[in-house]
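**Q** this is a predicted model, with the sequence first.
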Amino acid sequence: MTLILGFFGVVFLAVVVVALYVLVTYNAFVVLKNRVKEAWSDIEVQMKRRYDLIPNLVEVVKGYAAHEKNTLEAVIQARNAAMSSSGSLDDKAKAENALTGTLKSLFALSENYPNLKANENFLELQRELTDTENKIQASRRFYNANVLALNTKLEMFPSNIIGKFFNFVKQEFFKLDENEQAAKQPVKVQF
């Protein structure tokens, strides 16, 4: 009789240990999934800030470089495309990279206009945009670190079994388009 109770005690203990492992692993997946969502939200907040700064910057440049209409229109079109991008994370990254490229051309344009380079509004907008670009980069790193943690846990045994059972899925990294060299260069906004 004590042998049977001992056997059931061991089985019960094993079931409790497995159940606790499943519970702890499930909760870890929930935390990681929510961190990824929070990190993506941080990226979106900074991108919105950049979207809001761009029209002000374009207006300041318009006053000094009215005949550079194509460059200004390209910046606005890239901004609108980035704002309206609702496809995959890869599509969003491509739109953001295109916007970064057009911003570089806008700042390069200012080299031809010494009065623009000295304009206080232009310099302040440049400073704010540089700060925003730095925050976007930091937010992307934070996002990618959380995606890495989630994806790694989804691939590791035995947590991968629990992840699949509860339908947790791997997330995409936010990365630069390898073919776009301009996107790899930092935005130069110092004069």
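**A** Now that the structure is in, tell me what you want to look at. Bear in mind that the values here come from a model prediction, so they are computed numbers and not experimental data. Numbers count the residues shown, from 1 in each chain.
**Q** how distant is the longest helix seen in the chain from the center of its chain?
**A** Using DSSP state H to define each element, the chain has its longest helix at helix 2-64. How far helix 2-64 lies from its chain's middle: 15 Å, per Cα atoms, centre = their mean, to the nearest Å.
**Q** from the centroid of this structure, which residue is nearest?
**A** With distances taken as Cα atoms, centre = their mean, Arg140 lies nearest the centre of the chain, 3.9 Å away.
**Q** from Ala81, how far out is that residue?
**A** Distance, Arg140 to Ala81, by Cβ to Cβ, to the nearest Å: 19 Å. Every residue, glycine included, has its C-beta placed from N, CA and C.
**Q** same check on Val58?
**A** Counting by Cβ to Cβ - Val58 and Ala81 are separated by 15 Å.
**Q** and for Phe12?
**A** Taking Cβ to Cβ, one finds Phe12 at 60 Å from Ala81.
**Q** more crowded one of the two?
**A** Ala81 (16 against 10; other Cβ atoms under 10 Å).
**Q** who's in contact with the strand or helix carrying the more buried one?
**A** Assigned by DSSP states H and E, Ala81 belongs to helix 69-84. Defining contact as Cβ atoms under 8 Å, 6 or more residues apart in numbering, one finds that helix 69-84 is touched by 47, 51, 54-55, 58, 61-62, 65, 92, 95-96, 98-99, 101-103, 105-106, 109.
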